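# Below are the sequence and a predicted model; questions follow.
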Amino acid sequence: MENVTLSILNFVQAAAKLGVDGFYTCAQGGETNRVADYQLFNRAIKSFDMLLYKEVSQLVPYNILHICDYDGEYEGFTPRFQDYPGQIVNIPLQADGKALTLQKASEIFDRPVMGGLDRHGVISTGTVDQVKKATIDVLKNAPNRVILSANCTVSNTTPIENLRAAIQTAHEFRKG
């Protein structure tokens, strides 16, 4: 883990020197069903994550904390990730088989949240009209501090028309 972290730190430092002003940094491995022991998680995963996250926070003004495909109970979610740096949090849409709303994530992390659309759902497989409807549904229930996006990286096979429809609908929703 140390060697991987050092390699990523070198990349982050070089990218910042070239003018990158933000990162979408991914936290993985904190799932309670994979690493149930908090001490092991803190020692083997979080300590290295925090080295990277703190460096990113010092080098660039923008940092999105992305919690990737969290799988486990909500009770484990908050203590594992709540203190991770990042001005914005991009969250999974489910944990412990239950929906995690953007509103709930905003309350947990007390900062702006990003997400709302399942990257495997309507954004990648639906029609433009379905994407528009899903976008409106997400925004109707979203907290004030929200960035509409997928819950994770969208596939390169996601129709560009669907992405454009979500963006346009979000802009129209906020104006209306």
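The structure has been received and is ready for your questions.
# Could you count how many residues lie near the spatially closest residue to residue 121 that is not a sequence neighbour?
The shortest distance from residue 121 to any non-neighbouring residue, by Cβ to Cβ, 6 or more residues apart in numbering, is to residue 134 (7.5 Å). From N, CA and C alone the C-beta is placed, and that goes for glycine too. As a burial measure, residue 134 scores 21 neighbours (other Cβ atoms under 10 Å).
# Nearest to the spatial middle of the chain, which residue is it?
Taking Cα atoms, centre = their mean, the centroid of the chain lies closest to residue 90, which sits 2.0 Å from it.
# Assess the claim that residue 63 and residue 84 are in contact.
No. At 9.4 Å, residue 63 does not count as touching residue 84 under the criterion of Cβ atoms under 8 Å.
# Identify the contacts common to those two.
residue 53 (Cβ atoms under 8 Å, 6 or more residues apart in numbering).
# rewinding a little: does the residue nearest to the centre of the chain really touch residue 113, like I thought?
Yes. At 7.4 Å, residue 90 counts as touching residue 113 under the criterion of Cβ under 8 Å.
# What's the local residue count around residue 46?
By other Cβ under 10 Å, neighbour count at residue 46 equals 21.
# Just confirm it is within a helix.
Yes. The assignment for residue 46 is a helix, going by DSSP: H, G, I helix; E, B strand; the rest coil.
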